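Asker: let me see the structure of the following:
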Amino acid sequence: MKIIIFGADELGLMIASEFYTDNDITVIDDEQYKVDAFNKLDVSFITGNGSNIEILKQANIKSADVFIACTSSDELNIVACLTAKRISPVKTICFVRKEEYKYSLGLAKDADYNCDFYVDNIIWPEELLTQEIFRIITVAKALDVENFADGRARLLEYKIAKNSMLVNSMVKNCEFPKDTLIVGITRGGELFIPNGETVLHEDDKVIFMGLSHSLDILAGKFFHEKEFVKTVAIIGGGNVGLKLAKGLEALKLNIKIIELDEKRCEFLAQELDNALVINGDGTDIGLLSEEEIAEADVVVSVTNNDEKNLLCSLLVKHMGASRVISRVSKNTNVALFEKVGIDIAVSSRTAALNEIKNNIDETNIDILATVEQGRGEVLVIELPEKYETKKIMDLKLPAKAIVGVIQRRKKIIIPNGATQVMSGDSLIIFTTGESASVIRDFFEEIK
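Answerer: The predicted structure follows:
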């Protein structure tokens with residue numbers, strides 16, 4: 001597949017790094033010095049503006065399959081995608097940072113009137129980030145939360161505490177509730193798929209899949225007792241902070257939001273119904289103490305600056321905050337944040353990358369989610385009409401993976417080895433990031 005990427009910043013480099021081994025990649029940027037970052041990749045680099053027709057022709061846009069615009073300018077990305085669409089039937093993917101562009105471009109594509117120029121896929125990373133933080137906040141103590149099958153099934157990730165009854169227990173002896181499965185464990189930075197003989201250790205990050213109700217029972221039994229999130233403090237009142245606060249207000253939670261810019265505070269106060277808006281600096285220890293920010297059930301730092309988020313998070317953690325979530329712009333900083341004691345570091349980049357994969361991969365397999373910064377993947381696989389019914393134990397998968405959920409029409413099944421899979425089933429499968437391509441190829445061959 002031929003892919004053209006307009007934008008050579010960190011996001012463009014991450015996309016190119018993901019796809020270059022199996023695809024023909026051309027990168028466009030008007031800053032020649034950025035080419036050095038791509039030297040280790042087998043890609044072509046063209047210096048110029050991706051909204052210029054001559055530059056697009058030089059990149060052979062007419063033979064391209066996908067055009068991705070991911071510069072730091074929304075307007076430039078939009079113009080580049082529309083220009084590419086004007087001279088080629090290429091599939092366009094446009095990154096935007098403003099909410100109004102996400103929805104206006106989507107409406108243009110789906111409009112009733114005829115329009116030759118539109119953007120095929122619009123990705124707003126801040127929306128994906130907000131959705132992830134929202135899911136995590138609403139489940140006490142969870143490190144990660146993913147919803148499947150309209151919320152009837154879930155993935156939850158927890159860390160095993162020092163005093164947990166699970167420490168030093170074999171998986172087969174844990175008596176987890178019915179309709180739940182343990183599908184992955186991260187230990188020492190490495191994710192693996194456990195079996196019944198696996199012994200659980202303190203500080204293991206354990207990933208479960210199952211019916212939502214059953215996972216609630218599991219959480220109450222092993223990870224928290226009658227513990228619900230009631231108060232949330234948000235540091236940073238930008239797009240993510242505002243959107244997050246609106247969603248949490250709808251759940252009737254008590255919200256405090258700290259924002260440094262006075263005019264932005266006035267806007268936040270108008271937009272939010274019940275949240276307490278505080279004009280101040282999230283790194284001001286006196287302010288944090290006076291407003292009892294560390295007393296909140298969850299503290300979230302979502303400014304657009306990694307260094308400030310790290311400092312704010314460390315301060316409230318030092319002041320006794322029990323659960324801190326921090327926004328990370330650079331994927332390389334995620335491990336650093338967690339290493340120094342931040343409970344959960346989240347980045348929009350991984351979710352955005354999954355969106356790209358699903359948009360350009362025209363198969364019966366999609367990525368529903370990734371966990372642990374891509375070390376684990378959740379795939380959804382639609383079995384074809386002529387698929388021969390067989391038990392899960394007889395699938396003979398070529399790599400370690402667990403079928404965590406089966407969606408059969410309106411029915412949700414949490415399977416075991418003896419459960420049969422049949423034509424028309426949607427299988428939700430958990431596997432490691434390195435094994436995901438092998439599992440995908442296996443099911444592609446049987447479609």
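Asker: domain ranges for this protein, per the record?
Answerer: As recorded under automatic domain parsing, the domains making up the chain are 2-123, 132-222, 233-349, 364-445.
Asker: which of those sits closest to E355?
Answerer: Of all these, domain 2-123 sits nearest to E355, with 5.2 Å by Cβ to Cβ. Any C-beta I mention is one placed from the backbone N, CA and C, and that applies to glycine too.
Asker: end to end on the closest one, go ahead and measure it.
Answerer: 20 Å (Cα to Cα, to the nearest Å).
Asker: take the domains of the chain and lay them out in JSON lines including mean neighbour count, distance to I356 and mean pLDDT.
Answerer: Shown next, in JSON lines, are the domains of the chain (neighbours: other Cβ atoms under 10 Å; distance: least, Cβ to Cβ, whole Å; pLDDT from 0 to 100):
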{"stretch": "domain 2-123", "mean neighbour count": "18", "distance to I356": "6", "mean pLDDT": "87"}
{"stretch": "domain 132-222", "mean neighbour count": "18", "distance to I356": "17", "mean pLDDT": "93"}
{"stretch": "domain 233-349", "mean neighbour count": "19", "distance to I356": "11", "mean pLDDT": "94"}
{"stretch": "domain 364-445", "mean neighbour count": "17", "distance to I356": "10", "mean pLDDT": "91"}
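Asker: make CSV from those and add distance to N358 to it.
Answerer: Shown next, in CSV, are the domains of the chain (distance: least, Cβ to Cβ, whole Å):
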stretch, distance to N358
domain 2-123, 9
domain 132-222, 14
domain 233-349, 15
domain 364-445, 5
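Asker: in contact with the closest residue to A161 other than its chain neighbours, which residues?
Answerer: Nearest residue to A161, sequence neighbours excluded (Cβ to Cβ, 6 or more residues apart in numbering): E202, at 7.3 Å. Residues near E202 by Cβ atoms under 8 Å, 6 or more residues apart in numbering: 160-162, 164, 167.
Asker: for the chain, just list every one of the helices.
Answerer: Secondary structure of the chain by DSSP state H: the helices cover 10-19, 53-58, 74-87, 99-109, 125-137, 212-222, 239-249, 262-271, 285-290, 306-318, 334-339, 348-360, 436-445.
Asker: who wins for proximity to T198 among these?
Answerer: Across the helices of the chain, closest to T198 is helix 212-222 (Cβ to Cβ), at 15.7 Å.
Asker: what helices or strands is that closest one leaning on?
Answerer: Secondary-structure packing of helix 212-222 (3 or more Cβ pairs under 8 Å, 6 or more residues apart in numbering; DSSP states H and E): strand 153-159, strand 180-187, strand 205-211.
Asker: show me the contact partners of it.
Answerer: Contact with helix 212-222 is made by 139-142, 147, 151-154, 156, 158, 164-166, 176-180, 208, 210, 226, 414, as judged by Cβ under 8 Å, 6+ apart.
Asker: repeat that for stretch 335-354.
Answerer: Outside of stretch 335-354, the residues within contact range by Cβ under 8 Å, 6+ apart are 11, 14-15, 18, 95, 123, 125-126, 128-129, 132-133, 136, 143-144, 189, 310, 313-314, 317, 323-331, 333-334, 367, 369-370, 373-374.
Asker: for it, what is the distance to the chain centroid?
Answerer: Offset of stretch 335-354 from its chain centre (Cα atoms, centre = their mean, to the nearest Å): 10 Å.
Asker: repeat that for stretch 335-355.
Answerer: Remark: stretch 335-355 is offset 9 Å from the chain centroid, using Cα atoms, centre = their mean.
Asker: need the distance between the two termini of that stretch.
Answerer: Stretch 335-355 has an end-to-end distance of 22 Å (Cα to Cα).
Asker: same question for stretch 185-199.
Answerer: Terminal residues of stretch 185-199 lie 10 Å apart, using Cα to Cα.
Asker: now swap in stretch 278-295 and tell me
Answerer: Across stretch 278-295, the terminal residues are separated by 16 Å (Cα to Cα).
Asker: do stretch 16-28 as well
Answerer: Chord length of stretch 16-28, first to last residue, is 11 Å (Cα to Cα).
Asker: hang on, isn't V139 packed against V145?
Answerer: Yes - checked against Cβ atoms under 8 Å, the pair V139 and V145 is within contact range at 5.0 Å.
Asker: overlap in contacts, the two.
Answerer: Counting by Cβ under 8 Å, 6+ apart, the shared contacts of V139 and V145 are L156.
Asker: next, the residue nearest to R187 when sequence neighbours are not counted: phi, psi?
Answerer: Using Cβ to Cβ, 6+ apart and skipping the chain neighbours, the partner closest in space to R187 is D204 (5.3 Å). When read as degrees, to the nearest 10, the backbone of D204 gives phi -60, psi 140.
Asker: thinking D204 is in contact with I185, fair?
Answerer: Yes - taking contacts as Cβ under 8 Å, D204 lies within contact range of I185: 5.3 Å.
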